[in-house]
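>>> how would this look folded up:
(4 chains)
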There are 2 protein chains.
Amino acid sequence: MTIRVLVADDQSMVRAGFRMLLGNEDDIEVVAEAENGAEAVDKAARFDPTVILMDIRMPEMDGLEATRRILAADSDARILILTTFDLDEYIYEALRAGASGFVLKDDPPEQLIAAIRTVADGDALLSPGVTKRVIKRYARTPRPGPPIELDELTAREQDVLRLIAQGLSNGEIGEQLFISETTVKTHVTHVLQKLNLRDRVQAVVLCYQAGLFDPDE
Amino acid sequence: MTIRVLVADDQSMVRAGFRMLLGNEDDIEVVAEAENGAEAVDKAARFDPTVILMDIRMPEMDGLEATRRILAADSDARILILTTFDLDEYIYEALRAGASGFVLKDDPPEQLIAAIRTVADGDALLSPGVTKRVIKRYARTPRPGPPIELDELTAREQDVLRLIAQGLSNGEIGEQLFISETTVKTHVTHVLQKLNLRDRVQAVVLCYQAGLFDPDE
DNA sequence: TTTCGCCTCCTACTCGAGTAGGAGGCGGCG
DNA sequence: CGCCGCCTCCTACTCGAGTAGGAGGCGAAA
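Below you'll find the model as predicted:
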């Protein structure tokens, strides 16, 4: 089955470049082009592409907003964000918008083509330069001491910690768990003692830095 | 310049497989093998490899601990984590330990070789299946309201927010910024008002969920 | 059965956080 | 110049967070 591609970029040179580049691949076909975000949203609906190459900086509507709208419209297109600038803000916002991947325009051509096939397959992808950045976000947390002995916490204490990490007050936690605020305080105290923290603020910081309780599932 | 590789895996079959696989590449040379973590640490120091293929599950010392030790010893080897299981916990812990990348043993051979070259070049890399997972961690945060108008905060207020997000108390923030705790409180109040939050705990949650102030730089 | 850990809840207390409201200094801008 | 926004600092107050210490119930393991 051929991969149907929509190229959304405001520079016609870039679009032509992709047509040329992808023309040689017989499993990939450029079915439409768009020169701004609004047009991309429209054509995504009409041409039902497998993959959308989406520039970020575009007139009318930028690529991030277009990405959000296309996915909100229940399209099953995979969106590959494409940009010259590898600025951090873009990356995270794009991923949050629901993009499946991220490549830089000056990545080598083979890599771009490989990227298209990868996301078409349903896999996600970040170009190496981008991946490096993402990894750096994880390659932190040089906390001293043991790796976080979450196991030392009882089930109830973990429940409480989870809710603390969501910003709830003791009273709110009590309501959630159907126990009194007093009891919540008891659990909080134990959590702080066991994890050697001063207050709930530090507990929140720890949870996030350690990647605990992230909405993975 | 040839890429010097150290293969650390407890199964000799796997090590032999890599020797075979990499033997055909004339820019890659397997300079040593290790069958447990302790041995990997030792040989990393003695053979000065460019890239270390590191299994996670190994007797004596696991690959994560070995990774930490090798990097703690100031080696400039790039470590590529290698495992059969693509369990989440491993990924994040491995990246936190300082690994440059992560591949699954059943990734196609070409991909493994490409991965070695990629990390040797200084780029970071996650195999597609893994990348998907990492992306999922970012593809959340459907916060309501405006995208977070950080700009609405004055420079000082941003300073304070940054320190709040690190778990500091008002007094500690005052020390850091050389201002009185009273003044810090004033800033905190303004931050909370502007961002429409109840207390500093929610501010911390917001910062992390929005990806603000992460130690990227 | 006795012991032990966990969960529950309580009072009484301390202390940091946050609010309210005001005030002075400083620099930019019309 | 005068206004205004920002930064600084203050008092006085309220309230939630966290500590200390104790207590009862319950289920599992010795």
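>>> in stretch A:158-172, which residues are buried?
Buried residues in stretch A:158-172, counted by 16 or more other Cβ atoms under 10 Å in any protein chain shown: A:158-161, A:163-170. (Each C-beta comes from the backbone N, C-alpha and C, glycine too.)
>>> in helices, which of those residues fall?
Under the assignment DSSP state H, the buried residues of stretch A:158-172 contribute A:158-161, A:163-164, A:170 to helices.
>>> could you look up the SS state of the residue of chain A positioned farthest from its centre?
In chain A, the greatest distance from the average C-alpha position (Cα atoms, centre = their mean) is reached by A:Thr182, at 38.5 Å. Secondary structure for A:Thr182, judged by DSSP: H, G, I helix; E, B strand; the rest coil, is helix.
>>> then A:Val30?
Per three-state DSSP, the secondary structure class of A:Val30 is strand.
>>> returning to what we had before: now, which of the buried residues of stretch A:158-172 lie close to DNA strand D?
Residues of those in contact with DNA strand D (Cβ under 7 Å from any atom of the strand): A:169-170.
>>> can you pick out the most distant pair from the buried residues of stretch A:158-172?
Spanning the widest gap among the buried residues of stretch A:158-172 are A:Gln158 and A:Ser169, at 18.3 Å by Cβ to Cβ.
>>> and chain A, which residues reach DNA strand C?
Contacts of chain A with DNA strand C, taken as Cβ under 7 Å from any atom of the strand, map to A:154-157, A:174, A:177, A:179-180, A:182-183, A:185-187.
>>> now do 10 Å
Where chain A comes near DNA strand C, counting by Cβ under 10 Å from any atom of the strand, the residues are A:151-160, A:174, A:177-187, A:189-191, A:194, A:198-201.
>>> in helices, which of these fall?
Counting by DSSP H, the part of these found in helices is A:155-160, A:174, A:177, A:181-187, A:189-191, A:194, A:200-201.
>>> buried ones from the residues you listed, can you make that a ChimeraX selection?
One line in ChimeraX is enough to select the buried members of these, burial here meaning 16+ other Cβ under 10 Å:
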select /A:156,157,158,159,160,174,183,184,187,190,191,200,201
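>>> which intervals of chain A have sub-threshold pLDDT?
Applying pLDDT under 70 to the predicted model, the residue ranges of chain A that meet it are A:83-93, A:95-96, A:106-108, A:123-151, A:211-217.
>>> which residues sit in contact with A:His190?
With contacts defined as Cβ atoms under 8 Å, 6 or more residues apart in numbering or on different chains, A:His190 is in contact with A:153-154, A:157.
>>> let's see that with 6 Å instead.
A:Glu157 (Cβ atoms under 6 Å, 6 or more residues apart in numbering or on different chains).
>>> and the gap between it and A:Val30?
If you measure A:His190 against A:Val30 using Cβ to Cβ, to the nearest Å, the figure is 60 Å.
>>> pretty sure A:Val103 is in a strand, no?
Yes: read with three-state DSSP, A:Val103 is one of the residues of a strand.
>>> give the partner strands of the helix or strand encompassing A:Ile79 in its sheet and their orientations.
A:Ile79 is part of strand A:78-83, with elements assigned from DSSP states H and E. According to DSSP bridges, the neighbouring strands of strand A:78-83, each with its direction, are strand A:51-55 (parallel), strand A:101-104 (parallel).
>>> would you turn those into TSV with mean neighbour count and distance to DNA strand D?
As requested, these are arranged in TSV below (neighbours: other Cβ atoms under 10 Å in any protein chain shown; distance: least, Cβ to the nearest atom of the strand, whole Å):
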stretch	mean neighbour count	distance to DNA strand D
strand A:51-55	27	34
strand A:101-104	24	34
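>>> quick one: closest of these to A:Asp74.
strand A:51-55 (14.3 Å).
>>> give me the contact list for the helix or strand just after the closest one.
Elements were assigned by DSSP H and E; along the chain past strand A:51-55, the next helix or strand is helix A:63-72. Helix A:63-72 is touched from outside by A:37, A:40-41, A:44, A:54-56, A:79, A:93-94, A:97-99, with contacts defined as Cβ under 6 Å, 6+ apart.
>>> what residues sit buried inside helix A:63-72?
Taking 16+ other Cβ under 10 Å as the basis for neighbour counts, the residues of helix A:63-72 that come out buried are A:63-71.
>>> now the angle from the strand holding A:Ile79 to helix A:63-72?
Inter-element angle recorded for strand A:78-83 and helix A:63-72: 180 degrees (by axes from the mean of the first three to the mean of the last three Cα atoms, to 10 degrees).
>>> what does strand A:78-83 rub up against?
Looking at strand A:78-83 with Cβ under 6 Å, 6+ apart, the contacting residues turn out to be A:51-56, A:67, A:94, A:99-103, A:119.
>>> what's the answer for stretch A:19-32, then?
Outside of stretch A:19-32, the residues that reach it under the criterion Cβ under 6 Å, 6+ apart are A:2-7, A:43, A:47, A:49, A:109.
>>> now render the ones in helices among the buried residues of stretch A:158-172 as JSON lines, adding distance to A:Gln11.
Putting those into JSON lines (distance: Cβ to Cβ, whole Å) gives the following:
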{"residue": "A:Gln158", "distance to A:Gln11": "52"}
{"residue": "A:Asp159", "distance to A:Gln11": "53"}
{"residue": "A:Val160", "distance to A:Gln11": "54"}
{"residue": "A:Leu161", "distance to A:Gln11": "50"}
{"residue": "A:Leu163", "distance to A:Gln11": "49"}
{"residue": "A:Ile164", "distance to A:Gln11": "49"}
{"residue": "A:Asn170", "distance to A:Gln11": "55"}
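>>> restrict those to those near chain B?
With the criterion set as Cβ under 6 Å from any Cβ of the partner chain, no member of these is near chain B.
>>> up against DNA strand D, what does chain A have?
Neighbours of DNA strand D within chain A, by Cβ under 10 Å from any atom of the strand: A:160, A:164, A:167-174, A:181-193, A:197-204.
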